[in-house]
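**Student:** compute the structure for the input listed below.
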Amino acid sequence: HLLSSTPITVVAVDYARYSFDAANILPVQSLGTNYMVQTYGSEYANPYSLFTPNPSQLLIIAIEDDTKIDITSNTLTKTDRIGRYTIYLDRGDAVFYQSVGGVSFSGTIVNSYGKNIAVFAGDECTQVPNNAAAACDHLYEQVPHLQSLGGDYVLTNAYGHSADNVLITAAFDETAVLLDGVVLDTLNAGETYSIILKANNSAKFLHTSKPSLCMMYTPSEQAHGAYGTQAGDPCMIMMNPIQQMTKEGLFRTLQSEILQHNYVNIVTPTSGLNSMYLDEQLIPASNFVAVPYNDTLSIARISLTQGIHKLTNEAGFIAFVYGFAETESYGYSLAANYVNLQKELTVQDTICHGLTYTFHGKEFTETGIYPIMVDDNDTIFTLMLEVLPALEGMAIYDTICFGSPYEWNGKEYTQPGTYKATLVSTQGCDSVVTLNLVMTPLMKSTTRDTICEGETYIWNGKKYTTPQTDEILLTSAAGCDSLSKLELFVRSREHTEVPV
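**Tutor:** As a prediction, the model looks like this:
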């Protein structure tokens with residue numbers, strides 16, 4: 001955690017000879033809770049990793065304790081994660097994922113439950129385009145959160161490049177992609193569209209009907225035609241939307257053993273050309289050309305000396321700095337504090353398992369966080385939905401006496417068995433309850449006895465003087481009826497005369 005008493009610019013540099021990239025690091029106040037990820041992906045079979053494609057990479061960092069994060073991805077990680085999964089991080093904790101088989105993490109959604117997080121993405125080592133060269137380069141950027149994404153971008157090549165690749169990843173469903181006013185495609189959330197910027201295009205105006213994530217990838221040196229072109233190798237550069245213009249940017253060029261050329265691409269309002277300064281020197285308006293499709297904006301590519309530089313313009317600007325040499329290059333965007341371009345409203349709700357939740361015309365059946373943009377493109381609704389689990393497995397065990405009814409859930413049962421009923425829980429959801437009913441059998445006993453004629457026999461409080469069979473219902477120790485039977489015999493008296 002880096003702290004400063006005055007505003008500073010922070011750039012992370014990842015350097016190894018012949019593999020070089022950099023990323024503008026955002027301040028804590030520019031972080032958010034909802035992210036859409038983009039990476040390039042790799043098909044390069046690296047001989048140093050058993051000829052398997054190098055992975056795309058995803059890094060998530062928490063800035064508060066007890067941060068709960070949902071990740072939704074169609075990309076299998078090396079830790080066997082795929083689909084929707086939840087992680088928990090404390091302040092300063094980080095989790096790092098690598099994809100299997102070089103598959104891109106583009107379209108992966110990272111959402112935290114109300115606590116800001118930082119998200120970084122890139123590729124361990126890739127080619128642009130894939131299979132374009134004999135070696136690969138590392139790519140790396142910090143990802144802006146959804147509320148800071150815009151829909152208008154000016155796309156400009158790096159100086160001297162024959163073709164740069166721009167990828168647009170939609171953050172929301174039904175996002176139309178237009179280049180210079182021509183509709184190219186309509187994307188759903190997580191889908192990506194590729195544009196090749198040719199050298200003969202001074203600039204292209206990109207508009208997406210809903211906020212989208214836009215990155216530029218410079219090509220491998222061999223994609224320029226041959227080694228030794230001094231046109232550099234791949235780097236990954238965040239394209240800032242026009243809506244995120246800043247008035248001031250402090251930056252520095254980066255150095256390596258072979259790096260030779262450094263540039264900055266600037267986009268600014270045409271009406272503000274007379275106030276566009278580099279290192280307190282006015283940049284001549286003749287250095288700029290109007291964006292063909294939108295002449296209210298102008299662009300310039302300015303060569304830089306090695307060192308620290310400062311751009312200022314009260315009218316605002318966006319810019320990115322880059323440098324390259326043979327087989328090496330870096331690039332990063334100049335960004336002040338990202339501002340939230342859309343309002344955010346959070347809705348929390350629960351549904352019962354098996355039901356469907358409808359919100360702004362969309363249906364949801366699983367627990368999760370769902371950022372949704374409605375037609376006004378002004379507000380992001382963040383739906384935090386919890387699906388209550390089905391309450392199965394609750395069981396009742398009971399015993400009834402033979403011949404007695406058992407009342408449960410409004411019904412009478414007179415036979416032993418297993419019975420199920422769907423009840424309503426205290427949370428208002430269906431709950432399946434099982435009744436396991438056991439019946440105590442009727443207990444029977446028989447008493448056989450004999451009395452002499454004229455005697456009285458007492459059994460269960462009754463008197464008997466004659467032979468007979470009788471039955472009586474008694475109550476057992478278990479509280480059930482017990483059938484007791486008496487079989488009574490009477491022996492007659494015989495008279496014997498004794499002679500005198």
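**Student:** number of nearby residues for Arg448?
**Tutor:** Counted with other Cβ atoms under 10 Å, the burial measure for Arg448 works out to 10 neighbours. Where C-beta positions appear, they are placed from N, C-alpha and C, glycine not excepted.
**Student:** equivalent analysis for Gly122, please.
**Tutor:** Neighbourhood size, Gly122 [other Cβ under 10 Å]: 25.
**Student:** list the beta-bridge partners for it.
**Tutor:** Counting by DSSP bridges, Gly122 is bridged to Gln57, Tyr140.
**Student:** so where's the longest strand in this structure?
**Tutor:** Longest strand of the chain, by residue count under DSSP state E: strand 308-325.
**Student:** with only the CA atoms kept, save that one in CSV.
**Tutor:** As requested, C-alpha coordinates have been extracted for strand 308-325 and formatted as CSV (Å, rounded to 0.1, in the frame of the first residue of the first chain):
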residue,chain,number,x,y,z
ILE,A,308,10.0,12.9,-17.0
HIS,A,309,7.3,14.9,-18.8
LYS,A,310,4.1,16.8,-18.1
LEU,A,311,1.0,17.4,-20.2
THR,A,312,-1.6,20.1,-19.4
ASN,A,313,-4.7,21.4,-21.1
GLU,A,314,-7.6,23.2,-19.5
ALA,A,315,-9.8,21.8,-22.2
GLY,A,316,-8.9,18.3,-21.3
PHE,A,317,-7.1,15.4,-23.1
ILE,A,318,-6.5,11.7,-23.0
ALA,A,319,-3.1,10.2,-23.9
PHE,A,320,-0.9,7.1,-23.8
VAL,A,321,2.9,6.9,-23.8
TYR,A,322,4.9,4.1,-25.4
GLY,A,323,8.4,3.2,-26.6
PHE,A,324,10.0,0.5,-28.7
ALA,A,325,13.1,-0.9,-30.2
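**Student:** point to the residue nearest the middle of the protein.
**Tutor:** The residue lying closest to the centre of the chain (Cα atoms, centre = their mean) is Ile71, at 2.8 Å.
**Student:** list the contacts of that residue.
**Tutor:** Ile60, Arg81, Arg84, Tyr85, Thr86, Ile87, Thr108, Ile109, Val110, Asn111 (Cβ atoms under 8 Å, 6 or more residues apart in numbering).
**Student:** what pLDDT does it get?
**Tutor:** Here, the pLDDT recorded for Ile71 equals 96.
**Student:** what does the one 5 residues further on give?
**Tutor:** With respect to pLDDT, Leu76 has a value of 93.
**Student:** give me the neighbour count for it.
**Tutor:** If you count neighbours by other Cβ under 10 Å, Leu76 ends up with 15.
**Student:** how much space separates it from Pro53?
**Tutor:** Distance of Leu76 to Pro53, given as Cβ to Cβ, to the nearest Å: 13 Å.
**Student:** what's the overlap in contacts for these two?
**Tutor:** Gly101.
**Student:** what would the contacts of Ile71 look like in JSON lines with pLDDT, neighbour count and secondary structure?
**Tutor:** Compiled in JSON lines, those are given as follows (pLDDT from 0 to 100; neighbours: other Cβ atoms under 10 Å; DSSP: H, G, I helix; E, B strand; the rest coil):
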{"residue": "Ile60", "pLDDT": "98", "neighbour count": "24", "secondary structure": "strand"}
{"residue": "Arg81", "pLDDT": "94", "neighbour count": "15", "secondary structure": "coil"}
{"residue": "Arg84", "pLDDT": "92", "neighbour count": "13", "secondary structure": "strand"}
{"residue": "Tyr85", "pLDDT": "94", "neighbour count": "13", "secondary structure": "strand"}
{"residue": "Thr86", "pLDDT": "95", "neighbour count": "12", "secondary structure": "strand"}
{"residue": "Ile87", "pLDDT": "96", "neighbour count": "17", "secondary structure": "strand"}
{"residue": "Thr108", "pLDDT": "97", "neighbour count": "26", "secondary structure": "coil"}
{"residue": "Ile109", "pLDDT": "96", "neighbour count": "21", "secondary structure": "strand"}
{"residue": "Val110", "pLDDT": "97", "neighbour count": "24", "secondary structure": "strand"}
{"residue": "Asn111", "pLDDT": "96", "neighbour count": "24", "secondary structure": "strand"}
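**Student:** and which of those is nearest Ala118?
**Tutor:** Taking Cβ to Cβ as the measure, Ala118 lies nearest Ile60 of the contacts of Ile71, at 7.3 Å.
**Student:** nearest residue to the closest one other than its sequence neighbours?
**Tutor:** Beyond its immediate neighbours in the sequence, the residue positioned closest to Ile60 (Cβ to Cβ, 6 or more residues apart in numbering) is Val95, lying 5.2 Å away.
**Student:** hmm, back to that, measure the residue nearest to the centre of the chain to Leu304 for me?
**Tutor:** Using Cβ to Cβ, Ile71 is found at 39 Å from Leu304.
**Student:** tell me which residues in stretch 478-491 are buried?
**Tutor:** Going by neighbour count (16 or more other Cβ atoms under 10 Å), the buried part of stretch 478-491 is Cys480, Ser482, Ser484, Leu486, Leu488, Val490.
**Student:** elements contacting the helix or strand harbouring the third one?
**Tutor:** Using DSSP states H and E, the secondary-structure element containing Ser484 is strand 481-491. Packed against strand 481-491 by the contact rule (3 or more Cβ pairs under 8 Å, 6 or more residues apart in numbering; DSSP states H and E) you find strand 443-452, strand 457-459, strand 468-475.
**Student:** that strand to strand 468-475, inter-axis angle?
**Tutor:** Here strand 481-491 points in a direction 160 degrees away from that of strand 468-475 (axes from the mean of the first three to the mean of the last three Cα atoms, to 10 degrees).
**Student:** and the contacts of strand 481-491?
**Tutor:** Counting by Cβ under 8 Å, 6+ apart, the neighbours of strand 481-491 from elsewhere in the structure are 401-403, 442-453, 455, 457, 459-460, 464-476.
**Student:** now list the buried members of these.
**Tutor:** Buried residues within the contacts of strand 481-491, defined by neighbour count using 16+ other Cβ under 10 Å: Cys401, Met443, Ile451, Tyr457, Tyr464.
**Student:** ok, the fourth one - contacts?
**Tutor:** Spelled out, that is Tyr457. Asp449, Ile451, Lys463, Tyr464, Thr465, Leu488.
**Student:** partner residues bridging it?
**Tutor:** As for beta bridges, Tyr457 partners with Tyr464 under DSSP bridges.
**Student:** what of the third one?
**Tutor:** For Ile451, the beta-bridge partners are Val490 (DSSP bridges).
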